[in-house]
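Trainee: quick one, what's the 3D model for this:
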Amino acid sequence: MSDLRGYRHKVESILRDHEKARNNDGVLYAHFINKYCANLISLNQNGEKSIALKDFYRLPPMENIRRSRQIIQNDHSMYLPTDSAVLKARKIKEANIRSEIAADMV
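Mentor: Got it, this is the predicted structure:
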């Protein structure tokens with residue numbers, strides 16, 4: 001959990017400023033990399049942003065960004081998904097996981 005503390009404020013700022021990032025972890029991660037790992041981004045031959053394969057190990061784990069988003073949205077009820085389908089799907093997934101955990105404890 002301590003690893004996530006360094007990400008929380010950064011993830012929160014992205015969720016605040018980019019509504020689509022609240023609904024899609026890939027979008028959230030792309031904004032995170034663009035904002036906080038800009039030193040790893042270069043322009044390729046086509047003028048598109050890219051990251052060299054040799055630098056991938058320097059990127060933060062997407063799981064840490066996703067988990068930080070979950071804590072902000074689920075535990076603190078901040079910057080919730082704006083897409084009702086995403087909200088519903090996440091609630092169903094959470095309920096299924098809780099059921100599985102409860103079944104394993106019996």
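Trainee: doesn't residue 104 belong to a helix?
Mentor: Yes: looking at residue 104 with DSSP: H, G, I helix; E, B strand; the rest coil, it is inside a helix.
Trainee: burial count for it?
Mentor: By other CB atoms under 10 Å, 7 other residues sit near residue 104. For every residue, glycine as well, the C-beta is placed using N, CA and C.
Trainee: try residue 14
Mentor: 23.
Trainee: what helix or strand is it on?
Mentor: helix 2-17 (DSSP states H and E).
Trainee: same question, residue 28
Mentor: Residue 28 belongs to helix 25-36, assigned by DSSP H and E.
Trainee: what comes up buried for that helix?
Mentor: Buried residues in helix 25-36, defined by neighbour count with 16 or more other CB atoms under 10 Å: 25, 28-29, 31-33, 36.
Trainee: residue 58: which of those is nearest?
Mentor: residue 33 (10.5 Å; CB to CB).
Trainee: returning to what we had before: mind checking the pLDDT average for the helix holding residue 28?
Mentor: The average pLDDT within helix 25-36 is 97.
Trainee: and the nearest residue to residue 7 once chain neighbours are set aside, how many neighbours?
Mentor: Of all residues not flanking residue 7 in the chain, residue 68 sits nearest, at 4.3 Å (CB to CB, 6 or more residues apart in numbering). Counted by other CB under 10 Å, the residues lying close to residue 68 total 25.
Trainee: ok, residue 68 to residue 25 distance?
Mentor: Going from residue 68 to residue 25 by CB to CB, to the nearest Å gives 10 Å.
Trainee: point out where the protein drops to low pLDDT.
Mentor: Applying pLDDT under 70 to the chain flags the ranges 1-3.
Trainee: surely residue 87 touches residue 73?
Mentor: No: look at residue 87 against residue 73 with CB atoms under 8 Å: they stay out of range, at 9.3 Å.
Trainee: shared neighbours of these two, which are they?
Mentor: 80-81 (CB atoms under 8 Å, 6 or more residues apart in numbering).
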